[in-house]
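Chemist: Return atomic coordinates for the entry below.
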Amino acid sequence: MLKIITLLILVSLASTTNAQTFQLSGTVVDIDGHPIPDAYYFYANTPYSKNKTSREGEFSIQYKVGVNDTLKFKHVGFNPYSLVITDRMVRRAKKSGKIEVEVVMPDKLGSVVIVTSNVPDTLFGTQEYSVSDFEFDKSGQLILLTYEKNLSKGAVLRLLDTNQTVIDSYYVPGDAVELRTDFRKNTHLVTEEKVYLVDVVNDRMRVYLEDRDYYFKYVAPLIDTIGSNIYFSNYSDVYPAFDYLEFNRADSSYRTMKTVEDTLMMELYRSEFKYVDVRTKIWAHDKQLETGIDKEIWVGATVFTNSVYYEPLYAPLFKVGEDSIYVFDHYKNLMFKYTPEQGFVDSVRINYHRNQRKSGWEQPLIQDRVKRTIYATFERNGYSYLSEIDQNTGLVLKSFRLHYKYVEHITIVDGYVYYIYRPYESIQKKYIYRERLRSAPKSE
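Modeler: Below is the predicted model:
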């Protein structure tokens with residue numbers, strides 16, 4: 001009889017325990033502790049639900065002891081995570097009436113990769129010469145910078161028609177460097193000594209000599225326009241800070257939008273003055289008296305920038321849509337959204353550039369010139385991976401691996417990737433190839 005009573009008591013206690021319900025809540029964060037919004041969460045033994053974390057990464061759900069023992073989390077930018085409810089968590093919950101946890105989602109960077117088996121299109125190539133650089137004219141025609149042996153002697157500009165046939169040529173005087181496109185979509189040829197404007201009229205190239213100083217001071221810094229506003233920077237590769245500015249052509253007013261600075265690099269940059277020899281200090285002091293520029297900056301620009309510790313800043317600005325500007329501040333780990341009417345309206349955390357050695361992140365970010373989609377570039381084992389960046393969350397959505405290794409001059413236009421490539425240890429000249437970007441499957 002005593003055994004039966006004891007068994008009934010144990011069964012009763014077990015029933016009571018199983019019936020207990022607690023509030024299970026907490027925050028979902030990434031490996032750096034930043035909240036992850038819009039992460040789905042649901043119990044493993046229930047159908048998939050539409051519960052999502054808040055903008056601050058918070059979640060809350062009812063937990064029934066012994067029934068719902070695993071809570072799952074999913075997000076397009078991270079690997080799935082399963083939270084197992086342990087007996088220890090339940091014992092603590094009996095005292096407080098709730099369970100509070102922090103869920104750290106594992107990084108998914110580069111894990112979803114689209115690889116195509118299709119061989120890329122050979123857009124243009126010949127064994128007579130190599131392609132060093134290319135740009136698209138306003139009409140969409142390709143302008144090539146080519147050479148037989150090297151760019152310093154015998155570089156030639158070539159214009160292609162819609163069938164990728166050479167229809168015009170121009171022999172470059174001096175040592176050619178590269179082709180550039182300005183904010184008005186004009187093409188410029190840059191040489192060691194001069195800068196030329198390359199215009200295409202009736203399938204013929206017209207090349208005009210420009211004022212080199214004027215180009216680099218007033219044209220090259222300009223990035224894009226919105227209405228009457230022009231956006232540009234005062235970036236210098238020998239200083240670890242710069243400003244993005246907005247110029248209104250209607251009233252000729254300037255406004256500093258944002259200052260980008262690598263604070264650690266700036267500290268090292270300025271401290272270099274303490275360690276240089278006396279002669280250099282005297283020279284820097286004289287330059288300060290002559291120009292008004294701080295002596296520490298003179299030493300930093302001439303000495304520290306030549307050390308292995310210095311890296312020029314990279315925080316690009318892109319126009320997206322007709323009225324928005326995005327600034328990728330890799331030093332504050334934030335992507336900022338800006339509109340001329342409201343200023344900076346939003347910012348989200350970015351982490352694709354973190355752990356560069358592990359991820360293989362490479363500069364620059366690349367924007368589709370037609371669709372305005374922005375891609376981060378990663379290089380692993382010689383292959384280039386293009387990873388689309390979600391403009392709402394700052395997370396990497398998917399990755400597309402280019403077919404060939406060690407490609408150069410990647411450009412994206414209307415969903416197609418263009419690049420220069422020559423097979424390793426082959427006698428082939430450098431050709432231009434084209435691949436179509438494939439979309440990754442949607443995550444739940």
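Chemist: thought residue 338 was touching residue 347?
Modeler: No. In this structure, residue 338 is not within contact of residue 347 by C-beta atoms under 8 Å, at 9.7 Å. Quick note: C-beta positions are derived from backbone N, CA and C, even for glycine.
Chemist: Just want to know which of the two has more residues nearby.
Modeler: residue 338 (22 against 15; other C-beta atoms under 10 Å).
Chemist: Identify the residues contacting that one.
Modeler: Residue 338 is in contact with 257-258, 324-327, 344-345, counting by C-beta atoms under 8 Å, 6 or more residues apart in numbering.
Chemist: Repeat that for residue 305.
Modeler: So residue 305 contacts 237-238, 269 (C-beta under 8 Å, 6+ apart).
Chemist: among these, which ones are buried?
Modeler: residue 269 (16 or more other C-beta atoms under 10 Å).
Chemist: Based on its surroundings, how many neighbours for residue 218?
Modeler: Around residue 218 there are 11 other residues, counting by other C-beta under 10 Å.
Chemist: Please disregard the earlier target; I meant residue 309.
Modeler: By other C-beta under 10 Å, neighbour count at residue 309 equals 10.
Chemist: Also residue 191?
Modeler: So residue 191, with other C-beta under 10 Å, has 18 neighbours.
Chemist: again, but for the one 3 residues further on
Modeler: Residue 194 has 16 neighbouring residues, counting by other C-beta under 10 Å.
Chemist: any idea how far it is from residue 154?
Modeler: Per C-beta to C-beta, to the nearest Å, residue 194 is found 17 Å from residue 154.
Chemist: next one: residue 294
Modeler: 46 Å.
Chemist: For residue 384, report the pLDDT, please.
Modeler: As predicted, residue 384 sits at a pLDDT of 94.
Chemist: I'd say it and residue 410 touch.
Modeler: Yes. Taking contacts as C-beta under 8 Å, residue 384 lies within contact range of residue 410: 6.6 Å.
Chemist: can you give me the strands in the stretch 251-400 of the chain?
Modeler: Here the stretch 251-400 of the chain has its strands, by DSSP state E, counting those that start in this stretch, at 253-261, 317-320, 324-329, 334-339, 343-349, 361-367, 374-380, 383-389, 396-405.
Chemist: quick revisit: for the contacts of residue 305, which one is nearest residue 71?
Modeler: Nearest to residue 71 among these is residue 269, at 47.8 Å by C-beta to C-beta.
Chemist: which residues touch that closest one?
Modeler: 239-240, 296-297, 300, 304-305, 310.
Chemist: Outline the domain layout of the chain.
Modeler: Here the domain parsing of the chain from automatic domain parsing is 2-107, 263-312.
Chemist: Just give me the lowest mean pLDDT stretch among the ones you listed.
Modeler: domain 2-107 (a mean of 77).
Chemist: What is the distance between it and the centre of its chain?
Modeler: Remark: domain 2-107 is offset 35 Å from the chain centroid, using C-alpha atoms, centre = their mean, to the nearest Å.
Chemist: show me what contacts residue 273?
Modeler: Applying C-beta under 8 Å, 6+ apart, we find residue 273 in contact with 281, 284, 295-296, 299-300.
Chemist: Could you pick out the buried ones from those?
Modeler: Among these, those classed as buried by 16+ other C-beta under 10 Å are 284, 295-296, 299-300.
Chemist: So which of the residues you listed are in helices?
Modeler: Assigned to helices by DSSP state H, the following of the buried ones among the contacts of residue 273 qualify: 284, 295-296, 299-300.
Chemist: Let me know the closest of those to residue 127.
Modeler: For those, the nearest to residue 127 is residue 300 (47.9 Å; C-beta to C-beta).
Chemist: Now do the contacts for that closest one.
Modeler: 238-239, 269-270, 272-273 are the contacts of residue 300 under C-beta under 8 Å, 6+ apart.
Chemist: Any figure for the gap between residue 261 and residue 204?
Modeler: According to C-beta to C-beta, residue 261 stands 47 Å off from residue 204.
Chemist: out of those two, which sits in the busier spot?
Modeler: Taking neighbours as other C-beta under 10 Å, residue 261 and residue 204 compare with residue 261 leading, 17 against 11.
Chemist: what sits opposite the more buried one in the beta ladder?
Modeler: As for beta bridges, residue 261 partners with residue 241 under DSSP bridges.
Chemist: Please apply the same query to residue 60.
Modeler: Following DSSP bridges, residue 60 is listed with bridge partners residue 25.
Chemist: how close does it get to residue 27?
Modeler: 10 Å.
Chemist: ok, now residue 203?
Modeler: Look at residue 203 and residue 27: by C-beta to C-beta, they are 61 Å apart.
Chemist: Please apply the same query to residue 182.
Modeler: With C-beta to C-beta as the criterion, residue 182 and residue 27 are 46 Å apart.
Chemist: which of these two has more neighbours?
Modeler: residue 27 (18 against 15).
Chemist: For that one, give me phi and psi.
Modeler: phi -130, psi 150 (degrees, to the nearest 10).
Chemist: Also residue 214?
Modeler: According to degrees, to the nearest 10, residue 214 has phi -60, psi -40.
Chemist: so where do the strands sit in the stretch 101-250 of the chain?
Modeler: Using DSSP E, counting those that start in this stretch, strands in the stretch 101-250 of the chain cover 113-115, 121-124, 130-136, 142-147, 156-160, 166-171, 176-181, 187-191, 195-201, 204-210, 222-226, 229-233, 241-248.
Chemist: Tell me which residues of stretch 93-103 come out buried.
Modeler: Across stretch 93-103, burial judged by 16+ other C-beta under 10 Å covers 93, 99, 103.
Chemist: Out of these, the closest to residue 170 would be?
Modeler: Lowest distance from residue 170 to the buried residues of stretch 93-103 (C-beta to C-beta) belongs to residue 103, with 60.6 Å.
Chemist: Which residue comes closest to the closest one once chain neighbours are left out?
Modeler: residue 28 (4.6 Å; C-beta to C-beta, 6 or more residues apart in numbering).
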